[in-house]
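> What follows is a protein structure lacking sequence information:
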């Protein structure tokens, strides 16, 4: 995926999402403010630990909306 598509998602809304990478791993993003995009690199900051994950945008195969973990009372 190119950096422009990633920037478009960051600017679209503030809902949490997940980067799915070419190796099958996933990197959760709590809010777009925790992502920096530069040519050839995406940096994601974990909102709780402040750990950094550096990603080559070419390895981002999808951006998925993060599923809610709240229970709606239905089974």
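That came through fine. The structure displayed is predicted, hence computed values, not measured ones.
> so residue 40 sits right up against residue 56, yeah?
Yes: taking contacts as C-beta atoms under 8 Å, residue 40 lies within contact range of residue 56: 6.7 Å. For the C-beta atoms, the positions are set from N, CA and C on the backbone; glycine is no exception.
> The protein: helices as residue ranges?
For the chain, the helices defined by DSSP state H occupy 3-12.
> any weak-confidence spans in it?
Across the chain, the ranges flagged by pLDDT under 70 are 68-75.
> Strands of that one, residue ranges please.
17-21, 26-29, 35-38, 41-45, 52-55, 60-65 (DSSP state E).
> Buried residues in the fifth one, which are they?
When burial is assessed from 16 or more other C-beta atoms under 10 Å, strand 52-55 yields the following buried residues: 53, 55.
> Give me the nearest residue to residue 28, chain neighbours excluded.
Nearest non-adjacent residue to residue 28, counting by C-beta to C-beta, 6 or more residues apart in numbering: residue 18, 5.2 Å away.
> Neighbours of the one you found, how many?
16 (other C-beta atoms under 10 Å).
> Residue 60 - how many residues pack around it?
Residue 60, neighbours per other C-beta under 10 Å, totals 20.
> how about it, what does it touch?
By C-beta atoms under 8 Å, 6 or more residues apart in numbering, the contact set of residue 60 is 1, 6, 19-22, 42.
> go on, residue 17?
Going by C-beta under 8 Å, 6+ apart, residue 17 touches 9, 28-29, 63-66.
> most surrounded residue in the residues you listed?
residue 29 (23 neighbours).
> Just give the nearest non-adjacent residue to that one, would you?
residue 17 (5.3 Å).
> any idea how far residue 45 is from the one you found?
For residue 17, the distance to residue 45 (C-beta to C-beta, to the nearest Å) stands at 14 Å.
> Could you do residue 11 as well?
18 Å.
> more neighbours, those two?
Shown here are residue 11 and residue 45; by other C-beta under 10 Å, residue 45 has more neighbours (17 against 9).
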